[in-house]
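Colleague: all I have is the shape, not the residue letters:
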């Protein structure tokens, strides 16, 4: 027996020793070798900048390719990418980009203006089915070309003046145009590589595989193991290679947030894409916590169907919006990680602050409901709140349901649908009140306000106001200064929120665990990652 | 015997065609499509995408085209992962899931079989109750609970084993195999106990005892072969079940297997992927059922005689 016990302990200690010997964690070896281990949320759909949509894809594509501009992660203002400098005409319609003559593809070819012309033609091509093609619509005739109304691409407002000069003409002044140029749908792709595998507009070619991909970004692809990891390495041909301090990045498809958090704790990751909600109090209480929380350019809200009773009455809509205590909701259900939202545009969107019309005011809410014919909830016809099946949405819906019962004495019923079914229902406007979220594509209030243009694809509320449309589409772009433009947005947003087509609930936040050795990765409103700025510094 | 196998294989073809047909039309009936997202897609873009995937053609024509491709072994392009074919995705995930399943069943057979045999030797004593209660707990404890508990203990607190991955860090295959295997171990423990109890009461065992054979020889040589028949019959479907049902374990341990594709395809309305994985897995289930029938026949002389006569 004694022998048995002894050999058991021997075996166990052998196992421990073995695991210790091999046990340098990813973080330790990464800090030594300059390799960042990055929890990237999901397996990317692909790496073709003109096909993919989504955040995990964005992180990798932006490491492998570069657009005309790139985003400063501290200020979110555009800074030189492939374009060294640019001039804008006085009427705001013509942009001349001077490309960096040092810009190279990863195979050594020079990046030239014609690459952009060809790539934008591909991105806009009607047969491509590029879901982000609309990012280029400010360019003259781009929309006409993308929708098949115009066949001759020469009439679209992009032209290579010479190898290193690009001229772009817009339909109308677009103050946020430079913000769009670091979006992956505007990135150039390498024509000879694509044409090796078929027509440029084919969706199903293997040009993005490790052995084929040619990019122009700060990193090159070295390994792509499906659902395991994607490895990139510092590019030796990138024009600004001296500024790149990481030797490489490994992206992990961390779909399960609990697993991701465990990987972080075990030293397998430097950075997590998010953090499980129930772990937040633990990390908040920690000393020198790796937990980082920051506002995110997105709003969580409820759509109101303004065309069906009882929500066709603005007083009812306003009563609903003003009778919920958002702060209490966030503190009790979400561990206080988000900020209450009172409008569609998140506060401080590049210096813009939206109006606050829908603040908590129970007395006014009750009065409005009474005026609408439901004093203290009498005669209330009932209302259904729809959300897509998800625990977090359910918790919020239940909490609000109770608040409305307590403050207005009205009954709200809850309904949930599977994601795609829910999308279909909302698209058909077959609901009374429905949960929704919007994440900005670029940092500008326009990206939120143009959701509610008359008949817009993402409007889904029935809100339609010609004056509002005019302010957003005609007046704001023609403003001569940022202040003037923001003032017009403010007036437009006030009009919008007076009509209460939505109930804003909270501003999203980004939540990460970041190892202390990671430097140069500031929090910002876009949760924007610029790997050029990042470096690793092992803590003793 | 060959005749039996041939007939069973032929019977499988209409079954699989029926599965494909029902799946094909069912996924189309479900509301929402592969290109619907939170952000509205422009109608022109949607039309272009649908044309790329033949979704603009009449349903029956699509069905005929799909069946034609399927006959050639082509499962089509994935909707969710443009540039990758369903064949490629299955080929990438299958070896991982199959390996995981194999280890899991190995764990299950060793632990479950041992527990079942030990329990059957002294029925209705502590030696029976303890392993069988453990087996009951194994059945009741879902892998989404057991997995994280094992991870917390061996991965985070003791730091003996990695918390995720497959074949990247030494030892990362141990916990997933145990987690996935434990549910099956519990079933196998109960099956082998019942099988052994039945066999150990047979006349030929009494004969063996009468001959004065040592107890371990009776159990191992004479008892196991008969007593394990129910376990073998269970293994075939269990392996197919492991392949189709490893989703949870694959998610917990970040394993790049087939199970994740299978489940996510449905959420994504990735039509070709849903069909491809369903066809593939239903074929496997049919095959493994057949295989375990053959094995059971080989182990059971009475069944073997039956096949001989036919």
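Modeller: Right, received. Where do you want to start? Since the structure is predicted, the reported quantities are computational estimates derived from the model, not experimental observations.
Colleague: got the residues of the stretch 51-200 of chain A near chain B?
Modeller: Residues of the stretch 51-200 of chain A found near chain B (Cβ under 8 Å from any Cβ of the partner chain) are A:51-53, A:126-131, A:133-134, A:146-148. For every residue, glycine as well, the C-beta is placed using N, CA and C.
Colleague: and these, which two are the farthest apart?
Modeller: Across these, the longest distance by Cβ to Cβ is 22.6 Å; it joins A:52 and A:148.
Colleague: roughly how far is the strand ranked longest in chain A from the heart of the chain?
Modeller: As assigned by DSSP state E, the longest strand anywhere in chain A is strand A:291-304. Relative to its parent chain, strand A:291-304 has a centroid offset of 11 Å by Cα atoms, centre = their mean, to the nearest Å.
Colleague: how about that strand: buried residues?
Modeller: Neighbour counts over strand A:291-304 (16 or more other Cβ atoms under 10 Å in any protein chain shown) mark A:291-293, A:295-304 as buried.
Colleague: re earlier: which of the residues of the stretch 51-200 of chain A next to chain B fall in helices?
Modeller: Of these, the ones assigned to helices by DSSP state H are residue A:146.
Colleague: ok, the nearest residue to residue A:467 once chain neighbours are set aside to residue B:123 distance?
Modeller: Excluding its sequence neighbours, the residue lying closest to residue A:467 (Cβ to Cβ, 6 or more residues apart in numbering or on different chains) is residue A:495, at 6.6 Å. Counting by Cβ to Cβ, to the nearest Å, the gap from residue A:495 to residue B:123 is 81 Å.
Colleague: residue A:345 too?
Modeller: 72 Å.
Colleague: more neighbours: those two, which one.
Modeller: For residue A:345 versus residue B:123, the count of surrounding residues by other Cβ atoms under 10 Å in any protein chain shown is larger for residue A:345: 28 against 14.
Colleague: enumerate the residues of the stretch 201-350 of chain A near chain B.
Modeller: Within the stretch 201-350 of chain A, the positions lying close to chain B (Cβ under 8 Å from any Cβ) are A:203-206, A:208, A:225-229, A:252-256, A:258-259, A:262-263, A:265-266, A:268.
Colleague: are any of those buried, and if so which?
Modeller: A:203, A:205, A:208, A:225-229, A:252-256, A:258-259, A:262-263, A:265-266, A:268.
Colleague: helix, strand, or coil at the residue lying closest to residue A:137 once chain neighbours are set aside?
Modeller: Spatial nearest neighbour of residue A:137, chain neighbours left out: residue A:143 (4.5 Å); criterion: Cβ to Cβ, 6+ apart. Following DSSP: H, G, I helix; E, B strand; the rest coil, the label given to residue A:143 is helix.
Colleague: beta-bridge partners for the most centrally placed residue in chain A, please?
Modeller: Centroid-nearest residue in chain A: residue A:439, 5.2 Å away (criterion: Cα atoms, centre = their mean). Beta-bridge pairing of residue A:439 under DSSP bridges involves residue A:298.
Colleague: that one: what's it in contact with?
Modeller: A:296, A:297, A:298, A:508 (Cβ atoms under 8 Å, 6 or more residues apart in numbering or on different chains).
Colleague: and the furthest pair within these?
Modeller: Across the contacts of residue A:439, the longest distance by Cβ to Cβ is 7.6 Å; it joins A:297 and A:508.
Colleague: need the overlap of contacts for those two.
Modeller: Contact criterion Cβ under 8 Å, 6+ apart; residues shared by residue A:297 and residue A:508: A:346, A:439.
Colleague: between strand A:291-304 and whichever helix or strand comes after the longest strand of chain A, find me the angle.
Modeller: As assigned by DSSP states H and E, the chain's next helix or strand after strand A:291-304 is helix A:314-322. With axes from the mean of the first three to the mean of the last three Cα atoms, to 10 degrees as the basis, helix A:314-322 and strand A:291-304 are set at 160 degrees to each other.
Colleague: and the residue lying closest to residue A:461 once chain neighbours are set aside, what does it touch?
Modeller: Of all residues not flanking residue A:461 in the chain, residue A:501 sits nearest, at 3.8 Å (Cβ to Cβ, 6+ apart). Applying Cβ under 8 Å, 6+ apart, we find residue A:501 in contact with A:303, A:304, A:306, A:317, A:452, A:459, A:461, A:462, A:463.
Colleague: reformat the residues you listed as CSV; add pLDDT.
Modeller: Shown next, in CSV, are those (pLDDT from 0 to 100):
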residue, pLDDT
A:303, 96
A:304, 96
A:306, 95
A:317, 96
A:452, 96
A:459, 92
A:461, 94
A:462, 93
A:463, 95
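Colleague: ok, of these, which come out buried?
Modeller: Buried members of these, counted by 16+ other Cβ under 10 Å: A:303, A:304, A:306, A:317, A:452, A:459, A:461, A:462, A:463.
Colleague: widest-spaced pair of those residues?
Modeller: Greatest spacing in the buried ones among the contacts of residue A:501, by Cβ to Cβ: A:317 and A:459 (15.1 Å).
Colleague: list the residues that contact the residue nearest to residue A:467.
Modeller: If you count contacts by Cβ under 8 Å, 6+ apart, residue A:495 has them with A:465, A:467, A:468, A:471.
Colleague: swap the cut-off to 7 Å and go again
Modeller: Residues near residue A:495 by Cβ atoms under 7 Å, 6 or more residues apart in numbering or on different chains: A:465, A:467, A:468.
Colleague: secondary structure class for the last one?
Modeller: What that stands for is residue A:468. At residue A:468 the chain is in helix, as set by three-state DSSP.
Colleague: what residues does the stretch 1-150 of chain B have near chain A?
Modeller: Taking Cβ under 7 Å from any Cβ of the partner chain as the criterion, the stretch 1-150 of chain B approaches chain A at residues B:31-32, B:36, B:38-42, B:44-45, B:48-49, B:52, B:77, B:80-83, B:92, B:148.
Colleague: more neighbours, residue A:52 and residue A:148?
Modeller: Between residue A:52 and residue A:148, counted using other Cβ under 10 Å, residue A:52 has the larger neighbour count: 24 against 13.
Colleague: the more buried one reaches residue A:45, doesn't it?
Modeller: Yes: here residue A:52 reaches residue A:45: they are 5.1 Å apart, a contact under Cβ atoms under 7 Å.
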